[in-house]
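Visitor: Based on what follows, work out the 3D shape:
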Amino acid sequence: MFYGNSGYIWHASDWPNWRYDLASLTGPLAGVSQAQGFLFGRLADVGFSLRDQASLETLTEDVIKTSEIEGEHLDIASVRSSIARRLGVDIGALAPVDRHVEGVVEMALDATGRSDAPLTRERLLSWHSALFPTGYSGMSRIRVGAFRDDADGPMQVMSGPVGRRRVHFEAPPSQRLEEEVARFLEWVNTDTGDHPILKAGLGHLWFVTLHPFDDGNGRIARAVGDFLLARADGGTQRFYSLSAQIQRVRGEYYDILERTQKGSMDVTPWLRWFLDTLLAAVKHAHLTVDAVLAKTRFWQRWATTPLNERQVKLVNRLLDGFDGKLTSSKWAAIAKCSPDTALRDINELLALGILRKSPAGGRSTSYELNDAP
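Guide: Below you'll find the model as predicted:
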């Protein structure tokens, strides 16, 4: 079977001996370390409960966004409920969770919560099995918990309509995967002398270049990166999401991957991009901390005010950033109650001063928090 042109990185005679200009990365690396120190220092000044809430929000965003990068949209309430239950964080009533959400959450928590354990072949296969509990990716049957066999031809990353597809990358042939993955795992579990943060960037790149599975390679590559970042941080809780930042610059992500995989073993540009993206992710994490603190202050203010379960649920949805306008019909749909009950709930909150009518016009009256954090 013929495999691609000779320009892919895994064809290099010195593959996989990564090279990079450490001197040119020292500044960006110091910037990331400084930003991490500031974030972790800020979190050290809050209680365990707030740190748990911040970690819950970060992990929820991470799981949602790593799937969105691949064009898959998960239910936020289901993801949050699954993570909260596993972490033992009280968020009130839990939303229903399906097997697929459970699988993505399971992989994310295993990667970041058990970074002290070796990354093994069996662990990678279990992550893949967790991502595809039905044995299908969409409508297509795939090999689950096993490396691809290339029965239908080389593994290629393509875009565009049928007949005019563009091949962005072609992965190593399947007969090389056992050896390639074994070499990758030995590198992951050995002290190679690379800075731990740079090693996370290299691990992400290396795994996505191997592309060992029929599907899910991007999500697992990002989980590998998070695994190595958790090792670098030396903790089990996550307070920033690299996947969320990658989703914000998704086009850049695919462009730099394609350029790197068609380049040489000098991957300095990839690592510089990785550090810049990681720095943006750490800085963005302060918004999560701000939101958690504001939510806590909000509920401290209204702690002695009796509210029913529906009201607490909808107020929390507003605090978490409600998508669109909250109307009485949306309230009824989300709370699973009658329109009359929804309007009664809303009027009670208006009388208390928790809600106010939104000044924005429209065909239906909408509502917002009176003292939004």
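Visitor: distance of the nearest residue to Thr120 once chain neighbours are set aside from Val224?
Guide: Leaving aside its sequence neighbours, Thr120 sits nearest to Leu185 (C-beta to C-beta, 6 or more residues apart in numbering; 6.5 Å). Bear in mind the C-beta positions are built from the backbone N, C-alpha and C, glycine included. Using C-beta to C-beta, to the nearest Å, one gets 10 Å for the distance from Leu185 to Val224.
Visitor: Compare the two and say which one has the larger neighbour count.
Guide: Val224 (23 against 17; other C-beta atoms under 10 Å).
Visitor: surely the more buried one meets Thr209?
Guide: No: with contacts counted by C-beta atoms under 8 Å, Val224 stays clear of Thr209, the gap being 11.6 Å.
Visitor: what touches both of those two?
Guide: Listed contacts common to Val224 and Thr209 are nil; contacts here mean C-beta atoms under 8 Å, 6 or more residues apart in numbering.
Visitor: Tell me which residue lies nearest the centroid of the protein.
Guide: Central residue of the chain (C-alpha atoms, centre = their mean): Asp62, 2.4 Å from the mean position.
Visitor: That one touches Ala108, doesn't it?
Guide: Yes: using C-beta under 8 Å, Asp62 is in contact with Ala108, at 6.2 Å.
Visitor: Overlap in contacts, the two.
Guide: Asp226.
Visitor: Quick one: find the helix or strand in the protein with the lowest mean pLDDT.
Guide: Ranking every helix and strand in the chain by mean pLDDT, DSSP states H and E puts strand 156-159 at the bottom, with a mean of 84.
Visitor: Contacts for that strand, please.
Guide: Surrounding strand 156-159, the residues in contact under the criterion C-beta under 8 Å, 6+ apart are 4, 165-171, 211.
Visitor: Paired strands for that strand, with orientation please.
Guide: Taking DSSP bridges as the criterion, strand 156-159 sits next to strand 166-170 (antiparallel) in its sheet.
Visitor: Just the mean pLDDT for the strand it pairs with, thanks.
Guide: Strand 166-170 comes out with an average pLDDT of 89.
Visitor: now it, how far from the chain's geometric center?
Guide: 25 Å (C-alpha atoms, centre = their mean, to the nearest Å).
Visitor: Could you number the chain from 10 rather than 1 from now on?
Guide: Got it, first residue is 10 now, which makes that one strand 175-179.
Visitor: Which elements pack onto the next helix or strand after it?
Guide: Next along the chain after strand 175-179, taking DSSP states H and E as the criterion, comes helix 186-197. If contacts are counted by 3 or more C-beta pairs under 8 Å, 6 or more residues apart in numbering; DSSP states H and E, helix 186-197 sits against helix 130-140, helix 205-219.
Visitor: Which positions in helix 186-197 come out as buried?
Guide: For helix 186-197, the neighbour count (16 or more other C-beta atoms under 10 Å) marks 186, 189-190, 193-194, 196-197 as buried.
Visitor: go on, stretch 133-148?
Guide: Quick answer for stretch 133-148 (16+ other C-beta under 10 Å): 133-134, 136-141, 146.
Visitor: How about stretch 331-344?
Guide: 331, 335-337, 339-341, 343-344.
Visitor: Just the mean pLDDT for that stretch, thanks.
Guide: Stretch 331-344 shows a mean pLDDT of 91.
Visitor: Surely Leu134 is in contact with Phe141?
Guide: No: between Leu134 and Phe141 there is no contact under C-beta under 8 Å: 11.3 Å.
Visitor: what's the single longest helix in this protein?
Guide: For the chain, the helix with the greatest residue count under DSSP state H is helix 277-310.
Visitor: what distance separates the helix or strand following that one from the middle of the whole chain?
Guide: For helix 277-310, the following helix or strand on the C-terminal side (DSSP H and E) is helix 318-328. Centre-to-centre, helix 318-328 and its host chain are 25 Å apart (C-alpha atoms, centre = their mean).
Visitor: cool, stretch 292-300 as well?
Guide: Distance, centroid of stretch 292-300 to centroid of chain: 15 Å (C-alpha atoms, centre = their mean).
Visitor: Then stretch 64-82?
Guide: Distance of stretch 64-82 from the chain centroid (C-alpha atoms, centre = their mean) equals 4 Å.
Visitor: and it, what's its mean pLDDT?
Guide: Here stretch 64-82 scores 93 as its mean pLDDT.
Visitor: Quick one: residues in contact with it.
Guide: With contact meaning C-beta under 8 Å, 6+ apart, stretch 64-82 is reached by 83, 85, 88-89, 92-93, 96, 98, 100, 113-114, 117-118, 121, 227-228, 231-232, 235, 246-253, 255-256, 259, 262, 294, 297, 300-301.
Visitor: Kindly report the same for stretch 347-365.
Guide: Contacts of stretch 347-365 (C-beta under 8 Å, 6+ apart): 311, 314, 316-317, 319-320, 323-324, 337-338, 340-341, 344, 346, 366, 376-379.
Visitor: again, 10 Å this time
Guide: Residues from elsewhere that reach stretch 347-365, judged by C-beta atoms under 10 Å, 6 or more residues apart in numbering: 307, 310-311, 314-317, 319-320, 323-324, 327, 335-346, 366, 374, 376-381.
Visitor: if we can go back for a sec, what sits in contact with each of Leu194 and Val233?
Guide: 128, 133, 216.
Visitor: Counting neighbours, what do you get for the nearest residue to the last one once chain neighbours are set aside?
Guide: By the measure of C-beta to C-beta, 6+ apart, the closest residue to Phe216 outside its immediate chain neighbours is Ala230, 4.4 Å from it. Residues lying near Ala230 (other C-beta under 10 Å) number 21.
Visitor: same check, this time on Val258
Guide: 15.
Visitor: how close does Gly97 sit to Val114?
Guide: For Gly97 relative to Val114 (C-beta to C-beta), the value is 14 Å.
Visitor: swap in Arg240?
Guide: Arg240 is 20 Å from Val114, by C-beta to C-beta.
Visitor: Alright, that wraps it up for me.
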